[in-house]
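Participant: Got a sequence here, can you model it:
(one chain, ligands or ions: 1)
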Amino acid sequence: MKSFDNSIKDFYRDLARISMREPRLALHFARTALDQREAAARRREAAEAGVQVPPFMIMSITRRCNLRCAGCFVHEQDRPAGNELTMAEIRAILSDARDLGVSIVALAGGEPLTRPEIVDVAADFPEMLFPLITNGSLLDDALLDRLQSLRNVIPVISLEGLEFETDARRGDGVYQRALNTMARLQERRIFFGTSLMVTRRNFGLVTSRRFVRDLVGRGAKLFFYVDYVPIKAGTEHLIPSQAQRDAEPLTMLVLRSEFRATFVASSASEAEYGGCMAAGRGFVHVSSEGDLEPCPFSPFSDTNLRQAPLRVALQSRLLRSIRESGEHLSESDGGCALWAKRDWVQSLMAAPEGAPEDRAA
Ligand code: SF4
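Facilitator: Just a heads-up that it's a prediction; the model follows:
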């Protein structure tokens, strides 16, 4: 079974390969690949001390958003958008994450650019990579100027397909605005990508050569494919079929061999690593209030980073129980293992009281 660490290494190698025509960018990715190797050594050190540190972290820095997409998993959770981590708290968490060996931090939301100051915080961690998962509609010239001076923050524009699919879910005009943002990023030679929510309906379209060729031609160099999770009741029929999920790993390989871009698919990765990578196995999620959760699609937590440092929180009872649960992490017919088994995850929350065992202190 392939290790997630090796995939992170491959990912950096891919980034350097596809930016060869921009020597300074290629040099930056090559240097970050060295930083990533040191980070991997820190992760191994922590593991020897009993602390499981994932190479990848997702930070949802806000629940606020200027759009109202159908079935948005943030809005479907219907949790109040208050008490967000301050930028100083986010900076402290990133500092802990860097010191523990986390290499990549995806900045998400809500819409992360409703808090544009996050770009300045990320700038202070040049050894880490920050995919910025955005709907692309708030990237103004001032932000583009800032991003042009940075190489460790990568805008990743969310799409659902072409105009029909994207506007149907995200609202009229969102697709054209996203293309306009891509054109401005390309003009400024800023490295960027796209994030695609994969459903049973759009699988064929968003993995097609025609679709990919169009976006590569617009300058996209990074493609994240995230399988649809039916947070909204009654939308289970949109989950990609087993046949589609089985086809993903090979589809990613073929696209990677044909286009000067890199392709990452959530369920393809899980197939490769023996199941769901949440709860710190490969990645972990920080909610906008600082809760450390297994995954954005598994919004449960027994530890908050305002009360416990990351090193301790990663050893929380809930996260450890999920990591050590073996068969529960294999995907079921419902796609996302932890969403399909949310009752089981919730039952773990009912475990006896008490703070996470301070094994690592
Ligand atoms: S842009 Fe993202 S966070 Fe905002 S409504 Fe759409 S899916 Fe939700």
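Participant: how much space is there between Gly275 and the ligand?
Facilitator: 26 Å (Cβ to the nearest ligand atom, to the nearest Å). Heads up, the C-betas are built off the backbone N, CA and C, glycines and all.
Participant: Likewise for Asp291?
Facilitator: For Asp291 relative to the ligand (Cβ to the nearest ligand atom), the value is 17 Å.
Participant: Contact partners for that residue?
Facilitator: Pro299, Ser301, Thr303, Asn304, Leu305 (Cβ atoms under 8 Å, 6 or more residues apart in numbering).
Participant: hmm, 7 Å instead?
Facilitator: Ser301, Asn304 (Cβ atoms under 7 Å, 6 or more residues apart in numbering).
Participant: For the stretch 251-361 of the chain, give me the ranges with low pLDDT.
Facilitator: Applying pLDDT under 70 to the stretch 251-361 of the chain flags residues 267-271, 327, 331-335, 352-361.
Participant: Any idea which residue of it lies closest to the ligand?
Facilitator: When distances are taken as Cβ to the nearest ligand atom, the stretch 251-361 of the chain reaches nearest to the ligand at Pro296, 10.4 Å away.
Participant: OK, contacts around the residue nearest to that residue when sequence neighbours are not counted?
Facilitator: Distance criterion Cβ to Cβ, 6 or more residues apart in numbering; nearest residue to Pro296, sequence neighbours excluded, is His285 at 5.0 Å. Contacts for His285 (Cβ under 7 Å, 6+ apart) come out as Ile58, Ser60, Glu293, Pro294, Cys295, Pro296.
Participant: can you list the residues of this structure near the ligand?
Facilitator: Cys65, Leu67, Arg68, Cys69, Cys72, Val74, His75, Gly109, Gly110, Glu111, Asn135, Arg170 (Cβ under 6 Å from any ligand atom).
Participant: give me the element the third one is part of.
Facilitator: When secondary structure is defined using DSSP states H and E, no element contains Arg68, which sits outside every helix and strand.
Participant: how many neighbours does it have?
Facilitator: Neighbour count of Arg68, defined by other Cβ atoms under 10 Å: 9.
Participant: Backbone dihedrals for it, please?
Facilitator: phi -140, psi 70 (degrees, to the nearest 10).
Participant: Show me where the stretch 151-300 of the chain has its helices.
Facilitator: Taking DSSP state H, counting those that start in this stretch as the test, the helices found in the stretch 151-300 of the chain are 163-170, 174-187, 203-206, 209-217, 242-258, 266-272.
Participant: I'd like to know which elements the longest one is packed against.
Facilitator: Under the contact definition 3 or more Cβ pairs under 7 Å, 6 or more residues apart in numbering; DSSP states H and E, helix 242-258 sits against strand 262-265, helix 266-272.
Participant: what angle sits between it and helix 209-217?
Facilitator: Counting by axes from the mean of the first three to the mean of the last three Cα atoms, to 10 degrees, helix 242-258 lies at 50 degrees to helix 209-217.
Participant: Buried ones in helix 242-258, by neighbour count?
Facilitator: Of the residues in helix 242-258, Gln244, Arg245, Ala247, Glu248, Thr251, Met252, Leu255, Arg256 count as buried by neighbour count, 16 or more other Cβ atoms under 10 Å.
Participant: which among those residues gets closest to Ala47?
Facilitator: Ala47 lies nearest to Met252 out of the buried residues of helix 242-258, by Cβ to Cβ, at 27.9 Å.
Participant: which one is that closest one nearest to, not counting chain neighbours?
Facilitator: Phe263 (4.5 Å).
Participant: tell me which of the buried residues of helix 242-258 is nearest to Glu165?
Facilitator: Once Cβ to Cβ is applied, the member of these that ends up nearest Glu165 is Gln244, at 15.7 Å.
Participant: Need the per-residue pLDDT for that closest one.
Facilitator: Predicted confidence (pLDDT) for Gln244: 93.
Participant: Next, the contact list for it, please.
Facilitator: Here Gln244 is in contact with Arg200, Phe203 (Cβ under 7 Å, 6+ apart).
Participant: just checking, the residue of the stretch 251-361 of the chain closest to the ligand touches Met59?
Facilitator: No - Pro296 is not in contact with Met59 according to Cβ atoms under 7 Å; the separation is 10.0 Å.
Participant: Identify the contacts common to these two.
Facilitator: Shared contacts of Pro296 and Met59 (Cβ under 7 Å, 6+ apart): Ala108.
Participant: list the contacts for Met182?
Facilitator: Going by Cβ under 7 Å, 6+ apart, Met182 touches Ile157, Phe192, Arg218, Gly219, Ala220.
Participant: would TSV of the residues you listed with pLDDT be doable?
Facilitator: Listed next are the contacts of Met182 as TSV, based on pLDDT from 0 to 100:
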residue	pLDDT
Ile157	98
Phe192	97
Arg218	98
Gly219	96
Ala220	97
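Participant: What is the nearest of those to Trp339?
Facilitator: Nearest to Trp339 among the contacts of Met182, with distances taken as Cβ to Cβ, is Ile157, at 24.7 Å.
Participant: Contacts only, for the closest one.
Facilitator: If you count contacts by Cβ under 7 Å, 6+ apart, then Ile157 has Thr134, Gly136, Ala178, Thr181, Met182, Phe192, Thr194 around it.
Participant: From Asp343, how far out is the residue most central in space within the chain?
Facilitator: Geometric centre of the chain, nearest residue: Ala106, 4.7 Å, by Cα atoms, centre = their mean. Ala106 is 27 Å from Asp343, where distance means Cβ to Cβ, to the nearest Å.
Participant: And the strands in this structure, which stretches?
Facilitator: Along the chain, the segments classed as strands by DSSP state E run 56-60, 104-108, 130-134, 153-159, 192-198, 220-227, 262-265, 283-286, 292-293.
Participant: That concludes my questions; thank you for your assistance.
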